[in-house]
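# Generate coordinates for the sequence data below:
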Amino acid sequence: MTDMPLHRWSATAMAAGIAAREVSAEEVMRAHLDRIAEVEADVAAFVSLVPEGDAIQMAQEADRAVARGDRLGPLHGLPTGVKDLIDVAGLPTSHGSAAYAGAAPASHDSLLAANLRGAGALIIGKTNTPEAGLGTLTFNPVRGVCRNPWDLSRHAGGSSGGAGAALAAGMLPIADGSDSGGSIRYPASLCNIVGLRPTPGTVPSARTGNGWDPHGVLGPMARDSRDAARLLSGITGRDDRAPLSWVEDPAVFLELPERDPSALRLGWSDDVGGLPIDPEVRAVLRDARRTLESAGVEFVDVDLDYEGADEAWQVIEMFNFGADGKARFDEGRAGFRDDYLRNVAEGRALTADDYAAALAHRTVIFRRTAAALRGLDGIVFPATPVAAPPAEVEWVDEVEGTVFERYFLWQRAACRLTVTGHPVLATPAGFTAAGLPVGMQIAGASRGDAALLAVGATLEDVLGHVGAVPTGLPA
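Numbering: from 1, shown residues only. Below is the predicted model:
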């Protein structure tokens, strides 16, 4: 990859180069710090950064480990940022909220941050997110609007928008996200990168509250599926603090099988069960399907039954906001945005019968999806109903004549797949006539995350969109 700037190398190539002493971790770090200095003012991908001297010192220590012949983790020497909902020792966690303005630096690492460090990653900052991860567009009073590197007048998506923008802009080679209603998949799609909402428990979390809840998950984001798999290998594994954790051998994500496109059999859904999808997005996806079919991929049109999925997602999501809000209010926090307060109030008003019915229906949807996937390597759906919206909007309020009165209603392409409980990979499908990225999401078998990433890598090789350099910034 020596014919491209170091900040554009794949994470896999960077890690291999550092381990072989073909490039130093310090060189990698300086390249990314220079890139951040060049474009961050335009993008607003970060909320906070460690001092430059500390970042260089981390990289120099990573190089000393290589020189000593230490055993190296899969992420050794790679700069990364952590979503600003998750604690990193020495950096404040603002939650994208005025309620946490002036928050003191965290005293310890979250489990995710500790696992990143244990795998050799170098955490250099916190990535931008909307308040409490609310919605699939990133804007807040702490850092402002996170802008899309493909067109700075557009949103980068959310709630892991800072991660998506930083990856697309070349400011980071890997980054984490979290997802309950598309918060990994929407920014991945809108920024022409890759994001995996994994099987619940794939990435362990030691968060407080209900550790048994599969609704919101942590997952990897990168510029292609192989890099996402590398990141996943560093943050997965069994952990006795995380009751859903299940991965026994993280190395399976470093050894993705090569798949022959002509051996793949995929389901295809034009509209995720009848949702409105912009004609331009449909056209890009049709072109992608034709290209994949010409490479030998077999597609089978499927029509899944999502009856009741929207209601189940909303009840579970609002219930979680209710629990989250109580904890924040008990701390005496104030200054939250109106739609967060509305969610909390709605969640606190739910009955036990409401919640029990939603959980029961989630089980029904899981089983329907498992049945639909039999004999298939995955099912392809549109990842978002539109390409990146203007940076001035707080949510997309209309698609193809359907009006959305609340922010989460335009997220249903993602929310319906959340309810399935299956892993879902968002990967680039192509571009609109205006050059805006369009993504597709692929649902795979439960606990088949490695196989799903292998499918993603194969489709990416055929389509050739990963690694494209955004047109809204200097290369």
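
# What segments of the stretch 301-450 of the chain are strands?
Assigned by DSSP state E, counting those that start in this stretch, the stretch 301-450 of the chain shows strands spanning 378-382, 398-399, 402-403, 424-431, 437-443.

# TSV for those, including mean pLDDT and mean neighbour count?
Quick note: C-beta positions are derived from backbone N, CA and C, even for glycine. Conversion of the strands of the stretch 301-450 of the chain to TSV gives the following (pLDDT from 0 to 100; neighbours: other C-beta atoms under 10 Å):
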stretch	mean pLDDT	mean neighbour count
strand 378-382	98	26
strand 398-399	98	15
strand 402-403	98	10
strand 424-431	99	27
strand 437-443	98	28
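
# ok, residue 346 touching residue 320?
No: the criterion here is C-beta atoms under 8 Å, and residue 346 misses it with residue 320 at 11.1 Å.

# Output the strands of the stretch 301-450 of the chain in JSON lines, with distance to residue 236 appended to each entry.
Shown next, in JSON lines, are the strands of the stretch 301-450 of the chain (distance: least, C-beta to C-beta, whole Å):
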{"stretch": "strand 378-382", "distance to residue 236": "20"}
{"stretch": "strand 398-399", "distance to residue 236": "35"}
{"stretch": "strand 402-403", "distance to residue 236": "38"}
{"stretch": "strand 424-431", "distance to residue 236": "15"}
{"stretch": "strand 437-443", "distance to residue 236": "19"}
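
# of the ones you listed, which approaches residue 146 most closely?
Proximity to residue 146 (C-beta to C-beta) singles out strand 437-443 among the strands of the stretch 301-450 of the chain, at 15.1 Å.

# That closest one vs strand 424-431, what angle?
150 degrees (axes from the mean of the first three to the mean of the last three C-alpha atoms, to 10 degrees).

# For residue 270, see how far away the closest residue to residue 397 other than its chain neighbours is.
Nearest non-adjacent residue to residue 397, counting by C-beta to C-beta, 6 or more residues apart in numbering: residue 404, 5.2 Å away. From residue 404 across to residue 270, the span is 20 Å (C-beta to C-beta, to the nearest Å).

# now residue 85
33 Å.

# Who has more neighbours out of the two?
Legend: neighbour count by other C-beta atoms under 10 Å for residue 85 and residue 270, higher for residue 85 (25 against 18).

# got a list of what that one touches?
93, 95, 96, 129, 132, 133, 159, 178 (C-beta atoms under 8 Å, 6 or more residues apart in numbering).

# if we go to 7 Å?
By C-beta atoms under 7 Å, 6 or more residues apart in numbering, residue 85 lies in contact with 93, 95, 129, 133, 178.

# Can you tell me, leaving aside adjacent residues, what's nearest to residue 139?
Take residue 139 and drop its neighbours on the chain: the residue closest to it by C-beta to C-beta, 6+ apart is residue 145, 4.4 Å away.

# Check that neighbour and give its pLDDT.
Residue 145 is assigned 98 on the pLDDT scale.

# Could you look up the SS state of it?
Three-state call for residue 145 (DSSP: H, G, I helix; E, B strand; the rest coil): coil.

# how close does the spatially most central residue of the chain get to residue 209?
Nearest to the mean C-alpha position of the chain, by C-alpha atoms, centre = their mean, lies residue 184 at 2.5 Å. Distance, residue 184 to residue 209, using C-beta to C-beta: 20 Å.

# what's the answer for residue 121, then?
For residue 121 relative to residue 209 (C-beta to C-beta), the value is 26 Å.

# Compare these two (neighbour count), which wins?
A direct count of neighbours by other C-beta under 10 Å for residue 121 and residue 209 places residue 121 higher, at 31 against 11.

# got a pLDDT number for the more buried one?
99.

# if I pick the nearest residue to it once chain neighbours are set aside, what's in contact with it?
Leaving aside its sequence neighbours, residue 121 sits nearest to residue 75 (C-beta to C-beta, 6+ apart; 4.0 Å). Residue 75 is in contact with 15, 116, 119, 120, 121, 174, 231, 234, counting by C-beta under 7 Å, 6+ apart.

# As a markdown table, the residues you listed with secondary structure would be great.
Rendered in a markdown table, the data for the contacts of residue 75 read as follows (three-state DSSP):
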| residue | secondary structure |
| --- | --- |
| 15 | helix |
| 116 | helix |
| 119 | coil |
| 120 | coil |
| 121 | coil |
| 174 | strand |
| 231 | helix |
| 234 | helix |
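
# ok, those residues vs residue 328, which is closest?
The closest of these, once distances to residue 328 are taken by C-beta to C-beta, is residue 116, at 25.7 Å.

# how near is the closest one to residue 104?
As judged by C-beta to C-beta, residue 116 and residue 104 stand 22 Å apart.

# Compare the contacts of residue 85 and tell me which is most surrounded.
When neighbours are taken as other C-beta under 10 Å, the top entry among the contacts of residue 85 is residue 129 (34 neighbours).

# what helix or strand does that residue sit in?
For residue 129, there is no host helix or strand (DSSP states H and E).

# just checking, it touches residue 139?
No: between residue 129 and residue 139 there is no contact under C-beta atoms under 7 Å: 9.8 Å.
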